[in-house]
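Q: next comes the sequence, and after it the predicted model I'd like to discuss.
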Amino acid sequence: MRWRLWAAGLLALAACKQPAAEKKIALLLPESKTARYETQDWPAFRDRLVALGMRPQDILYSNANQDVGQQRQQAEAALTNGAVVLVLDPVDSVAAAGIVELAHARGVAVIAYDRLIRDTAHLSAYISFDNERVGQLQGEALLGMLGDKVQPAVVFIHGSPTDNNASLFKKGARAALLGKVAVAGEYDTPDWSPDKARDQMQQALTARG
């Protein structure tokens, strides 16, 4: 995965400015309802940095469980524990600007991982995909599966309103699908919660009888 190489290279560059005993890097992830963070992102991040020569005990990890305040506290703890770089996947793309400003005041770099952190001039880097294109490809794939159906009914269940990526996925998918499908319902899903998404789908099905 390309992000592993980009992130590890940026982190190694930032960390090398500090004495060896102080090279700590923190990964702050947003939630655990989505299995990928605990089973893929964190292990891959840790293993890549260890392969680059970092000691496991110098790689700090926290998961905020969709709690903005908790993520702020975790960032403060990482800074107190000597992190020279924060790799931050924010719970809230706007609220996380406060973490960036806090880190900047202490001379610590912040890399926005996966989700853009908005409303700050002090973000060191942003690593992600072309998220609008991702949404467009999702929409085009759905059209391909629907085949020759005329104006099929589709329920749009988008991501969290606090995640900048979700708005880009939404924009791309809508561009690919609107005018070609009938919108049977459209929802934003707080916290990317599978339970809430299921409730939204049930609402859409009930509304259509």
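A: Okay, I see it.

Q: got phi/psi on Ala112?
A: phi -80, psi 120 (degrees, to the nearest 10).

Q: list the contacts of it.
A: By C-beta atoms under 8 Å, 6 or more residues apart in numbering, the residues touching Ala112 are Leu88, Asp89, Pro90, Ala96, Leu123, Ala125, Tyr126, Ile127, Ser128. Glycine gets a C-beta too; all of them are placed from N, C-alpha and C.

Q: now swap in Leu123 and tell me
A: Val100, Val110, Ile111, Ala112, Ile117.

Q: list just the nearest of the contacts of Ala112 to Gly172.
A: Nearest to Gly172, judged by C-beta to C-beta, of these is Ser128 at 13.5 Å.

Q: ok, for the closest one, nearest residue in space, not its chain neighbours?
A: Of all residues not flanking Ser128 in the chain, Asp114 sits nearest, at 5.4 Å (C-beta to C-beta, 6 or more residues apart in numbering).

Q: of all the residues in stretch 81-99, which ones are buried?
A: Residues of stretch 81-99 classed as buried by neighbour count (16 or more other C-beta atoms under 10 Å): 83-93, 95-99.

Q: so how far is it off the chain centroid?
A: 12 Å (C-alpha atoms, centre = their mean, to the nearest Å).

Q: show me where the protein has its helices.
A: Applying DSSP state H to the chain gives helices spanning 2-15, 36, 42-51, 68-80, 97-105, 131-146, 164-177, 194-207.

Q: any stretches of the protein with poor pLDDT?
A: Scanning the chain with the threshold set as pLDDT under 70 gives 1-22.
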